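Undergrad: Provide a 3D model corresponding to the input given below.
(one chain, ligands or ions: 1)
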Amino acid sequence: MQNLWNEFEAAGFQGDLQQRVYTSRLLGRDKTLVMHGGGNTSVKITEQNILGEAEDLLYVKGSGWDLEFIEAAGFAPVRLAHLVKLAKLKELSDPEMVNELKTQMTNASAPTPSVEAILHAVLPFKYVDHTHSDAVIAVTNTASGEQRVREIYGDTVLIVPYVMPGFDLARMCADLVERYLTDKMIGMVLLNHGIFSFGATARESYERMIELVGHAEDYLRSHQAWDVVMPEPPGDVPVHMHDIVRLRDGLSKAAGAPLIVSTQRDTKSRAFARHPDVARLSQQGPATPDHVIRTKRVPMLGLDVAGYSSEYKKYFDVNDKLSRVKKTMLDAAPRVVLDPALGMLTVGRTAKDAAIVRDIYDHTIDVMLRAAALGGYRALPEKDIFDVEYWDLEQAKLRKSGKPPVYTGEIVMITGAASGIGRACVDSFLVRGAAVVGLDINNKVETLLDRPEYYGVTCDVTDESSLQRALEQAVLHFGGLDMLVLNAGVFPESCNIADLHYEDWWRVMNVNVDASLSLMRLGHPLLKLAQHGGRVVVIGSKNVSAPGPGAAAYSASKAALNQLARVAALEWGKDRIRINTLHPNAVFDTAIWTAEVLETRAQSYGLTVEQYKAKNVLKVEVTSHDVAELAAEMCGPLFAKTTGAQLPVDGGNERVI
Ligand code: ZN
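TA: Residues are numbered from 1 along each chain as shown. As a prediction, the model looks like this:
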């Protein structure tokens, strides 16, 4: 455990609250202590209120802030005396507690205080740090966890039995602190939950955390439970894309909504999936309330998928609370699937959720294996997991999040995504909640965006094996394919038929028609399994109905593509796949239209660039964004009963109208 305190850095944080900010960030930097908004910290400060009266305040981490990047604004100031009094109540429901926390803040625009605020308040120390340290949890989540904690820490920490986070835990801690806290104590261990440290200064509290967690790590090391031995993962096992797609289909059906399934092929994940004890370890509950993840182990992917619904249905029957929360059916589907050949698959409503599950489970594996090496991993009892999942605060969070964006859990592939209309489509689909796979021959597509919902693949669409690989990559990343935007195309230089070479003709046909056919063929079995029905949008051209001289290859290729789409609409209707075409014209904010080209073209018509750009019936400029928005909408409910349609997006063209 490394102490990251740096005198020079710390000097840049002046004052009690700023010092709190600094050491909170230090904790946040270590993912074995906290991750994804886990853990919380506080400082008690006396301030003058508007009446000039002195008031003791608890500045506690607000929800929605990550310790690693927290700022002063991320701490909510709550009246300390009120919190201490609340801890004396016999009971307080979770919504009531949240109400008290919010109404006792002295800054209306501060974030909602952490649900562990009362716990922080009852600890009589200026600074309090709380983490869910992997090492501490590995020790406490064993059969004799409490005994081991005593062995490690002696009388330097207060030991708190497991109680679900919330008011009951705060009340119990208040009671234990009052009765058992001694001068020797520098922290508090919460079994199956985590650890607190406290001190008079930010540095003292932080360094005690490092010291306490360090002891747990040393203990694991000295008991040969630190470097856990894992079986060799299998070599290069071929991944069967369709097995993953079918698994996603089964999971999504169980959840009642489309899900993202992300396959982790790293050594550790694959080794764990082959661990001789994996069945027993993974089928137990989570390490802490923050690690609530259901696991499902399948011997080989593709089998027994339909079984998910009935197996997980039992969770619905065991508790009557559930009738209220049927909407959260997602929680009935497993979040982690372990397969000896593939490794670990993590499941989420969004790509971000699946990535969080991956991170959390990655740490859970360490905790489980170390605890197992110590003499047996013991998770939370099932009833407690259940309570955590459905407790009122979680429900409040769900209610607050409202209706998810239209394409949440769905995956779209967009060709020619590095620039122009394709690039704009990436944004339009992301805004609508989709996970986006961008394809382009330009490798810039790989670094277009750095976020879990986007995945870029360099791919020559005219090469069928590259397309196949890109689809496999997409499936490994997100689990399937629901929507396809066929946008990649070339627009060759003007050339009259008499001078047109076959090579040029075929090159245009190859990119604009053949490549689309390939991707449609390869994508069809995936699109067939889309929960909401597969959708394809073809980016056509005005030239289909109003060709221009000198554009024989381009116009013929787009016309051929247009017929291809129409036939697909006829053939794929029975598979619930809709395919519609957009015909843009004169979209100038694309790569081919440089300022120079625009200028020359405008001049040749005797127009200014502005006039040239808006040379249509409505006298409006058509942008990539306009086309992309329509493409995205065409996959949505508005077009749910439309297939084989062609829609112009060109500001109105006299020859088309
Ligand atoms: Zn906690």
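Undergrad: any weak-confidence spans in the chain?
TA: Across the chain, the ranges flagged by pLDDT under 70 are 37, 236-237, 279, 282-334, 380-402.
Undergrad: can you rerun that using 50?
TA: By pLDDT under 50, the low-scoring segments of the chain are 291-294, 296-331, 386, 388-392, 394-395.
Undergrad: what residue lies at the spatial centre of it?
TA: The residue lying closest to the centre of the chain (CA atoms, centre = their mean) is K352, at 0.5 Å.
Undergrad: Okay, and that one sits in which element?
TA: Using DSSP states H and E, K352 falls within helix 351-374.
Undergrad: and H82, how far is that from M105?
TA: As for H82, its distance to M105 is 10 Å (criterion: CB to CB, to the nearest Å). Glycine gets a C-beta too; all of them are placed from N, C-alpha and C.
Undergrad: For K102, which non-adjacent residue is spatially closest?
TA: Leaving aside its sequence neighbours, K102 sits nearest to T112 (CB to CB, 6 or more residues apart in numbering; 6.0 Å).
Undergrad: ok, so what distance separates that neighbour from Y502?
TA: According to CB to CB, T112 and Y502 sit 68 Å apart.
Undergrad: More neighbours: which of those two?
TA: For T112 and Y502, the more surrounded residue by other CB atoms under 10 Å is T112, and the numbers stand at 16 against 7.
Undergrad: Contact partners for that one?
TA: If a contact means CB atoms under 8 Å, 6 or more residues apart in numbering, then T112 has 62-64, 76, 98, 101-102 as its contacts.
Undergrad: closest to N487 among the residues you listed?
TA: Proximity of the contacts of T112 to N487 (CB to CB) peaks at G64, which lies at 36.3 Å.
Undergrad: burial of the closest residue to the closest one other than its chain neighbours, as a residue count?
TA: Spatially, and ignoring its direct neighbours in sequence, G64 is nearest to P111 (5.6 Å; CB to CB, 6+ apart). Applying other CB under 10 Å, we find 18 residues neighbouring P111.
Undergrad: again, but for N442
TA: Neighbour count of N442, defined by other CB under 10 Å: 14.
Undergrad: Start from the N-terminal end of the stretch 351-500 of the chain and give the helices.
TA: Listed in chain order, the helices of the stretch 351-500 of the chain (DSSP state H, counting those that start in this stretch) span 351-374, 382-390, 392-401, 420-431, 464-478.
Undergrad: Return the residue of the chain that is most distant from the centre.
TA: In the chain, the residue that sits farthest from the middle, by CA atoms, centre = their mean, is A498; the gap is 54.9 Å.
Undergrad: Okay, the residue nearest to K102 and F588: tell me how far apart.
TA: Distance of T112 to F588, given as CB to CB: 47 Å.
Undergrad: cool, E629 as well?
TA: In this view, E629 and F588 are 17 Å apart by CB to CB.
Undergrad: Once you drop chain neighbours, what's closest to L484?
TA: V536 is the one closest to L484 (CB to CB, 6+ apart), at 4.7 Å.
Undergrad: who's that neighbour bridged to?
TA: L484, I579 (DSSP bridges).
Undergrad: you'd agree it is up against R576?
TA: No - applying CB atoms under 8 Å, one finds V536 not in contact with R576, separated by 12.0 Å.
Undergrad: Settle it for me: which of the two has more neighbours?
TA: More crowded of V536 and R576, by other CB under 10 Å: V536, with 27 against 16.
Undergrad: In a strand, V261, correct?
TA: Yes - counting by DSSP: H, G, I helix; E, B strand; the rest coil, V261 is found in a strand.
Undergrad: how many other residues sit next to it?
TA: Residues near V261, counting by other CB under 10 Å, number 25.
Undergrad: Count the residues that sit near N543.
TA: N543, neighbours per other CB under 10 Å, totals 19.
Undergrad: tally of neighbours for the closest residue to it other than its chain neighbours?
TA: Leaving aside its sequence neighbours, N543 sits nearest to S555 (CB to CB, 6+ apart; 4.2 Å). If you count neighbours by other CB under 10 Å, S555 ends up with 20.
Undergrad: any idea which element S555 lies in?
TA: Per DSSP H and E: helix 552-572 holds S555.
Undergrad: Now do the buried residues in that helix.
TA: Buried residues in helix 552-572, counting neighbours by 16 or more other CB atoms under 10 Å, are found at 552-562, 564-566, 568-569, 572.
Undergrad: by contact count, what packs against that helix?
TA: With contacts taken as 3 or more CB pairs under 8 Å, 6 or more residues apart in numbering; DSSP states H and E, helix 552-572 sits against helix 502-509, helix 515-527, strand 535-539, strand 578-584.
Undergrad: Just the residues contacting the shortest one, thanks.
TA: If I follow you right, that is strand 535-539. Taking CB under 8 Å, 6+ apart as the rule, strand 535-539 contacts 421, 482-487, 489, 516, 520, 523, 527, 561-562, 565, 568, 577-582, 584, 627, 631, 634-635.
Undergrad: now do the first one
TA: When contacts are defined by CB under 8 Å, 6+ apart, helix 502-509 is touched by residues 490, 492, 495, 552-554, 556-557, 560.
Undergrad: Let me have those in a markdown table, extended by distance to D134.
TA: Shown next, in a markdown table, are the contacts of helix 502-509 (distance: CB to CB, whole Å):
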| residue | distance to D134 |
| --- | --- |
| V490 | 52 |
| P492 | 58 |
| C495 | 65 |
| A552 | 65 |
| A553 | 61 |
| Y554 | 59 |
| A556 | 62 |
| S557 | 57 |
| A560 | 58 |
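Undergrad: Grab the two from those residues that are most spread out in space.
TA: Using CB to CB, the contacts of helix 502-509 span at most 17.9 Å, a distance reached by C495 and A560.
Undergrad: Let me know whether the residue nearest to the centre of the chain touches A435 as I believe.
TA: No - at 9.3 Å, K352 does not count as touching A435 under the criterion of CB under 8 Å.
Undergrad: can you list residues touching both of those two?
TA: Common neighbours of K352 and A435, counting by CB under 8 Å, 6+ apart, are E453.
Undergrad: Mind telling me what element the residue nearest to G64 is part of?
TA: Judged by DSSP H and E, P111 forms part of no helix or strand.
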